[in-house]
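[1] One predicted model, sequence on top.
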Amino acid sequence: MKKNIFQKEAKKAFLIELNELKAFYASKDFNVGDLCKEILSCKGKVFLTGVGKSGHIANKISATFSSTGTSSFFIHPAEALHGDMGMIEKNDCIIVLSKSGESKEIIDLIPAIKAKKISLFSITENENSSIAKESKVHVKVKVSKEACPNDLAPTASTTVMLALGDSIAVSLLKAKGFSSKDFARSHPGGKLGKKLTLKVTDLMIPIKSAAVVNDKALIKDVIVRISEKKQGFALIQDGKKKIVGIFSDGDLRRQLQKNIDINNVQVSKVMTKKFKSIESEKLVVDAAKFMKKNKVYYLAVNKKNKIQGFITMHEILEANVL
């Protein structure tokens, strides 16, 4: 076997698919306006179906639709013929993906689709195929060459179908005004969901758990309090219990370099008065960006201009948000 044969052949296949994507983009066949209008006006659910590789692509496009604001389900044509057609109702529509447009399982399904008066749309390589002729809207996806060296296995054609499905999903997303908040509601789990939904207040450590000391306290006493809480800083409050400053490990190091007498100097003389804080309703990812920008590892958390607690980079990393 020649050296680097895998890399060479992989790049060759990749380039073929890339060129087919570009060719379809530039062709008159890239025309999804009517299909998007029909899907947008559909009052029910959008079903997708297909057999073999086209079925896998249809399944993925359906998942993309659902996550971007278009309620969608994949239905296998064989299962539909044996009972799953009951899932589809009159106000629904169905999009068929088929390379040839002659998939027997889907052709056998068409009479049932017509009987229930369900709108049928299709994406095939042949506008004169049996499936295309029965469709209310048809989009032609034909490639000049598959990435498969035998020009048999659907490769470039399924890649174009997949990209087309994504482009339709994004067009519908824009038309519906689907926002990042809407996206968050459909992706509540995992890192992505947390990025879009987790707020500072969800990770905030309440002020009662912080190292809080009076501004008249001596630095040595503040150090003891910080050590007890193991947080690396203390919140400093005045006689009215208002947080007026922060004293951190960094502040301590800077004062020790000045040979300050920690046994006789009050913390109010050396604390950081203009400390960084963030609103409790801000997203945790915004807090992390704010920390990075200001080169700090913790923030006081305020609500209605009152310090409620604090959040540190440690909590953010533990929450697996970044």
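    Done, it's in. Numbers count the residues shown, from 1 in each chain.

[2] quick one: low-confidence parts of the stretch 1-150 of the chain?
    1-3 (pLDDT under 70).

[3] quick one, strands of it?
    Here the stretch 1-150 of the chain has its strands, by DSSP state E, counting those that start in this stretch, at 46-50, 72-74, 93-97, 119-124, 137-140.

[4] which one of the ones you listed lies closest to residue 273?
    With CB to CB as the criterion, residue 273 lies closest to strand 72-74 of the strands of the stretch 1-150 of the chain, at 55.3 Å. Placement of C-beta: from N, CA and C, glycine included.

[5] contacting residues for residue 92?
    Applying CB atoms under 8 Å, 6 or more residues apart in numbering, we find residue 92 in contact with 42, 44-47, 118-119.

[6] among the strands of the stretch 1-150 of the chain, which is the most enclosed?
    For the strands of the stretch 1-150 of the chain, the largest average neighbour count (mean count of other CB atoms under 10 Å) is found in strand 93-97, namely a mean of 28.

[7] sorry, back to before: make a markdown table from the strands of the stretch 1-150 of the chain and add distance to residue 11 to it.
    Converted to a markdown table, the strands of the stretch 1-150 of the chain look like this (distance: least, CB to CB, whole Å):
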| stretch | distance to residue 11 |
| --- | --- |
| strand 46-50 | 29 |
| strand 72-74 | 32 |
| strand 93-97 | 28 |
| strand 119-124 | 28 |
| strand 137-140 | 29 |
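
[8] so which of these gets nearest residue 266?
    For residue 266, the closest of the strands of the stretch 1-150 of the chain is strand 72-74, at 65.1 Å, according to CB to CB.

[9] The closest one: partners in the sheet, and parallel or antiparallel?
    Strand pairing for strand 72-74, determined by DSSP bridges: strand 46-50 (parallel).

[10] The partner strand to strand 93-97, inter-axis angle?
    20 degrees (axes from the mean of the first three to the mean of the last three CA atoms, to 10 degrees).

[11] Restricting the selection to alpha carbons, write strand 46-50 to CSV.
    This file holds the C-alpha atoms of strand 46-50, laid out as CSV (Å, rounded to 0.1, in the frame of the first residue of the first chain):
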residue,chain,number,x,y,z
VAL,A,46,-43.7,18.1,9.6
PHE,A,47,-42.8,14.5,9.0
LEU,A,48,-39.8,13.3,7.0
THR,A,49,-39.3,9.9,5.5
GLY,A,50,-36.8,8.0,3.4
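
[12] List the contacts of it.
    Strand 46-50 is contacted from outside by 39, 55-59, 61-62, 65, 70-77, 80, 87-88, 92-98, 103, 106, 109, using CB under 8 Å, 6+ apart.

[13] excluding its backbone neighbours, what's nearest residue 61?
    residue 165 (3.2 Å; CB to CB, 6 or more residues apart in numbering).

[14] ok so, going back, take the contacts of residue 92 and write them to a markdown table, including distance to residue 319.
    Shown next, in a markdown table, are these (distance: CB to CB, whole Å):
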| residue | distance to residue 319 |
| --- | --- |
| 42 | 39 |
| 44 | 38 |
| 45 | 35 |
| 46 | 35 |
| 47 | 37 |
| 118 | 45 |
| 119 | 44 |
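
[15] Spatially nearest residue to residue 322, not counting backbone neighbours?
    Residue nearest to residue 322 in three dimensions, not counting chain neighbours: residue 288, with 5.9 Å by CB to CB, 6+ apart.

[16] where does that neighbour land on pLDDT?
    pLDDT recorded at residue 288 is 92.

[17] just the one 5 residues further on next, same as before
    Among the per-residue scores, residue 293 shows a pLDDT of 92.

[18] In terms of helices and strands, where is it?
    Element membership of residue 293 [criterion: DSSP states H and E] is helix 284-294.

[19] on that earlier part again, the helix or strand where the residue nearest to residue 61 lies - what's its average pLDDT?
    Assigned by DSSP H and E, residue 165 belongs to helix 156-176. Taken as a whole, helix 156-176 has a mean pLDDT of 96.

[20] other SSEs contacting that helix?
    Applying 3 or more CB pairs under 8 Å, 6 or more residues apart in numbering; DSSP states H and E, one finds that helix 156-176 makes contact with helix 5-26, helix 33-41, helix 53-67.

[21] what's the most buried one of those?
    Of these, helix 53-67 is the most buried (mean count of other CB under 10 Å), at a mean of 21.

[22] Using PDB, list the CA coordinates for that helix.
    The C-alpha trace of helix 53-67 is given here as PDB (Å, rounded to 0.1, in the frame of the first residue of the first chain):
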ATOM      1  CA  LYS A  53     -29.000   6.500   3.300                       C
ATOM      2  CA  SER A  54     -31.800   9.000   2.400                       C
ATOM      3  CA  GLY A  55     -33.700   7.800   5.500                       C
ATOM      4  CA  HIS A  56     -30.700   8.600   7.700                       C
ATOM      5  CA  ILE A  57     -30.400  12.100   6.200                       C
ATOM      6  CA  ALA A  58     -34.200  12.600   6.600                       C
ATOM      7  CA  ASN A  59     -33.900  11.600  10.200                       C
ATOM      8  CA  LYS A  60     -31.100  14.200  10.800                       C
ATOM      9  CA  ILE A  61     -33.000  17.000   9.000                       C
ATOM     10  CA  SER A  62     -36.100  16.200  11.100                       C
ATOM     11  CA  ALA A  63     -34.000  16.600  14.300                       C
ATOM     12  CA  THR A  64     -32.600  19.900  13.000                       C
ATOM     13  CA  PHE A  65     -36.100  21.100  12.300                       C
ATOM     14  CA  SER A  66     -37.300  20.300  15.800                       C
ATOM     15  CA  SER A  67     -34.400  22.000  17.500                       C
END
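
[23] Perfect, that will be all.
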